[in-house]
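Enquirer: Below are the sequence and a predicted model; questions follow.
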Amino acid sequence: MEKHYYLVATPESLIASHLTPSDFGNYMAVGTKKNLRSQSVFFEIDPTKTDLPETYVDEKLVPYENGEPKRSVYLSIYRVFEKVPLEALTNLYLVTDDGKVLELTKSQYAQTEKKGIHLYQQYNPFSTMVASKLNPPEFIGFLTDTSKPVSVPKLFFIELQLNDLANDPTLPIKNLPYRNPAHLRECLIKLHHSEERLTKTVLRVRHSELPYRTIESGFFIGDKDNYLYYPFPTQQELETTHFSWWRSALVQHF
């Protein structure tokens with residue numbers, strides 16, 4: 001059977017599997033007996049561009065006695081993101097809590113409009129929500145600058161919607177589904193009025209699954225030398241090409 005390697009963000013882990021990305025995403029979200037309900041975000045890895053424990057994989061990644069493919073063999077669960085090189089990452093997959101899988105491919109990033117403030121939800125190495133005056137490439141460079149006392153080797157995050165609040169945090173929040181809008185506005189106003197500050201923590205820890213409908217531009221992963229950008233589909237693409245996934249993403253399945 002074919003081998004696949006996945007770098008999973010939720011929770012952080014490196015997994016070998018016989019399952020294709022679509023089947024693996026469904027398995028991670030709902031399990032084998034459909035008793036689970038959880039989002040999943042993961043990359044597929046090109047095994048030729050990173051070091052993997054091939055002997056261990058050959059020993060453990062074998063079909064079950066009934067011939068079913070092996071669903072998961074954990075290869076690492078600690079500081080995995082910083083050890084996997086960017087060039088080994090292929091496509092990114094977003095899974096809804098009922099197992100629908102959306103595939104994202106890499107693209108060049110180009111900021112389409114000038115924003116005073118961006119909102120970022122970080123996935124790794126921490127799950128902090130941060131408001132920042134820095135655009136995504138600048139934000140990566142800022143946090144991966146090892147000459148500073150506070151830095152990280154690699155950063156994986158997503159840009160979230162702020163709409164009109166990006167340039168004027170006093171405007172109505174409208175339909176943004178954030179849990180504590182008053183606190184968000186307060187953070188944005190403080191950052192907006194501070195000339196020196198570049199970032200402001202909004203939430204220290206993500207308390208729940210991310211509403212996919214809050215995604216703005218897409219996902220970013222990078223280190224001090226380079227970064228990758230995975231754009232999120234446009235609203236038109238979501239409502240046509242990816243309608244089944246999008247309909248699932250708009251509903252919480254309990």
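Expert: Looks like it came in fine.
Enquirer: so where's this protein uncertain?
Expert: Confidence mapping of the chain against pLDDT under 70 gives the ranges 33-35, 207-208, 252-254.
Enquirer: Identify the single longest helix in it, thanks.
Expert: helix 181-193 (DSSP state H).
Enquirer: how far is whichever helix or strand comes after that one from where the chain is centred?
Expert: Downstream of helix 181-193, the next assigned helix or strand under DSSP states H and E is strand 199-203. Relative to its chain's centre, strand 199-203 lies at 18 Å (Cα atoms, centre = their mean, to the nearest Å).
Enquirer: in its sheet, what does strand 199-203 sit against?
Expert: Strands that pair with strand 199-203, judged by DSSP bridges, come out as strand 129-132 (antiparallel).
Enquirer: For Val73, give me its contacts.
Expert: Applying Cβ atoms under 8 Å, 6 or more residues apart in numbering to Val73 gives the contacts Ile15, Ala16, Ser17, Val57, Lys60, Leu61. For every residue, glycine as well, the C-beta is placed using N, CA and C.
Enquirer: From those residues, keep the buried residues only.
Expert: Ile15, Ala16, Ser17, Val57, Leu61 (16 or more other Cβ atoms under 10 Å).
Enquirer: how near is the last one to Arg71?
Expert: With distances defined as Cβ to Cβ, to the nearest Å, the gap from Leu61 to Arg71 amounts to 10 Å.
Enquirer: sorry, back to before: among the contacts of Val73, name the ones in strands.
Expert: If you go by DSSP state E, the contacts of Val73 have Ile15, Ala16, Ser17 in strands.
Enquirer: if you go through the protein in chain order, where are the strands?
Expert: 4-9, 12-17, 40-45, 73-76, 89-95, 101-104, 118-124, 129-132, 155-160, 199-203, 215-222, 227-231.
Enquirer: Please name every helix or strand in contact with the third one.
Expert: Other elements packing on strand 40-45 under the criterion 3 or more Cβ pairs under 8 Å, 6 or more residues apart in numbering; DSSP states H and E are strand 4-9, helix 21-30, strand 89-95.
Enquirer: Using JSON lines, lay out these together with distance to Phe219 and mean neighbour count.
Expert: Converted to JSON lines, the helices and strands packed on strand 40-45 look like this (distance: least, Cβ to Cβ, whole Å; neighbours: other Cβ atoms under 10 Å):
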{"stretch": "strand 4-9", "distance to Phe219": "9", "mean neighbour count": "22"}
{"stretch": "helix 21-30", "distance to Phe219": "15", "mean neighbour count": "21"}
{"stretch": "strand 89-95", "distance to Phe219": "6", "mean neighbour count": "21"}
